[in-house]
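Undergrad: Below are the sequence and a predicted model for it; my questions follow.
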Amino acid sequence: MRVQEMRKLVRLRAVELDGTRRRLAACHDVSDLRRVAKRRIPRPVFDYVDGAADEELAVAANVAAFRQWRFLPRVLADVDVVDMSATVLGSALPVPLALGPAGYTRMLHPDGESGAARSAARHGLPYTLSTMAATGIEELAAVAVAGGGSGGAAVAGGAAAGRPDLWFQLYILKDRSQARDLVSRAADNGFGALVVTVDTVVAGNRLRDQRNGLSIPPELSLHTVASVASKPGYWLRLLSGPALDYANFAGRPPTTIRKTADFFDASIDWSDIADLRSRWAGKLIIKGPLGPTDARRAAELGVDGIQLSNHGGRQLDRTVAPADLIAPVREAVGPSVALLVDSGIRHGADVVVALALGADAGVLGRAYLYGLMAGGEAGVDRALDLITRQFRTTMQLLGVTSVAELRKRGRELITREPR
Ligand code: FNR
């Protein structure tokens, strides 16, 4: 058959000349983004994101915990119009999602924290900056404001155009004056929520990082030289941007990943949360694997939200999957405390399950970081668009037309798969 004859039968699709856009358009779920990331990013950097603590049992169990639920759809429910919006911690979100904190995000791609925050802002979603970020509090506040609300495949609503909803994640540092300084800088720069991570009293035992000899900032070693040869594009991009550092500690002596453990304080206790509550006027969220008893205690101290998390399995391996804590913690704290959940969300259907079990929103970690590694800021857009689309379709096929209805009738809509 000649080309001319073929053209009568099939329409030729325009060729996408931009390599990144072409690659991202060929990704149809988070696993596709992960596969592309793995191909393009040097092994030690990919493993820094993909890896977890010790035998990596928790990270696999986190994903499985969301997937053990089966849907019980209601048919003929007129799902033509679906309202995915939700009010979370006083913010109206177009979809109940937020982007979680990740240390050293700029090592994954030069768009880094700023690109992720811009993408979050375009989608009307909160972005959480890590204490250990490679972009500083002041820089992120400025960059994200400048870039917010600029077109893209945005979901309408959420944060006002140009003014992203920024949250700051705090590690309570050994040097408390340094921690207090971070908190006041976050307040001064308009961060609306403080997310206090309580599962990092010591550094997690991340074997992939140890085996790969990962250092932050990356150092020239035999490993690095080999990966320069195999992934030159990554290194060119990295070297074209500003030097990597723990930007929130700029002006202080430089540090390395080996020394990050020195930041953390194994002696933190509940009085630190009470102290932060008295200092921080914005929303206060406690992030960690809180069971019902700890969750009740946090609520009594006046936290606004609990982010159920086992750090994506990167701290204590074998920690219970946060998905399994949603229902008991909701029962323990009642309806007034916002319940967020991270660790294991890879699909919009996971967010549906989380809400059906009693959560207010899902928080993404690796799901958007794979996107960032696959294609920078546009890759984060792709991850958010895919998960949002999956969330909508799952709601429609389940026969629910609003997040409020999903929250109210959730337990009738899911059943645990028999083992
Ligand atoms: C993290 N996480 C994290 N959490 C935190 O409180 N402060 C931090 O600096 C970091 N840094 C970080 C780096 C990387 C590369 C990853 C993957 C994760 C944990 C993160 O906020 C979230 O809890 C997990 O990522 C959730 O698990 P999943 O969904 O990514 O498996």
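TA: Here it is on my side, so go on. Numbers count the residues shown, from 1 in each chain.

Undergrad: Any figure for the gap between the residue in the chain positioned nearest to the ligand and Leu222?
TA: Nearest residue of the chain to the ligand, counting by C-beta to the nearest ligand atom: Gly365, 2.1 Å away. Placement of C-beta: from N, CA and C, glycine included. Using C-beta to C-beta, to the nearest Å, Gly365 is found at 31 Å from Leu222.

Undergrad: go on, Glu16?
TA: 38 Å.

Undergrad: So between the two, which is more surrounded?
TA: Glu16 (13 against 8; other C-beta atoms under 10 Å).

Undergrad: Just the pLDDT at the more buried one, thanks.
TA: For Glu16, the model assigns a pLDDT of 85.

Undergrad: before we move on, what about Ile216?
TA: 77.

Undergrad: Helix or strand: which one has it?
TA: Applying DSSP states H and E as the criterion places Ile216 outside every helix and strand.

Undergrad: Number of residues surrounding it?
TA: 21.

Undergrad: likewise Ser271?
TA: By other C-beta under 10 Å, neighbour count at Ser271 equals 9.

Undergrad: contacting residues around the strand or helix carrying it?
TA: In this assignment (DSSP H and E), Ser271 forms part of helix 270-279. The list of residues contacting helix 270-279 from outside it, by C-beta atoms under 8 Å, 6 or more residues apart in numbering, reads 170, 172, 180, 183, 194, 196, 198, 284, 286, 297-298, 301-303.

Undergrad: among these, which are in helices?
TA: Arg180, Val183, Arg297, Ala298 (DSSP state H).

Undergrad: Name the next helix or strand following the longest helix out of those in the chain along the chain.
TA: Assignment by DSSP H gives helix 366-398 as the longest helix of the chain. Scanning forward in sequence from helix 366-398 by DSSP H and E, the next helix or strand is helix 403-413.

Undergrad: what distance separates that next one from the centre of its chain?
TA: 24 Å (C-alpha atoms, centre = their mean, to the nearest Å).

Undergrad: How many neighbouring residues does Arg70 have?
TA: Neighbour tally, Arg70, other C-beta under 10 Å: 12.

Undergrad: partner residues bridging it?
TA: On the basis of DSSP bridges, Arg70 is bridged to Thr415.

Undergrad: what do you get for Leu364?
TA: Leu99.

Undergrad: who's in contact with it?
TA: Leu364 sits in contact with Leu97, Ala98, Leu99, Gly100, Asp342, Ile345, Ala383, Leu384, Ile387, where contact means C-beta under 8 Å, 6+ apart.
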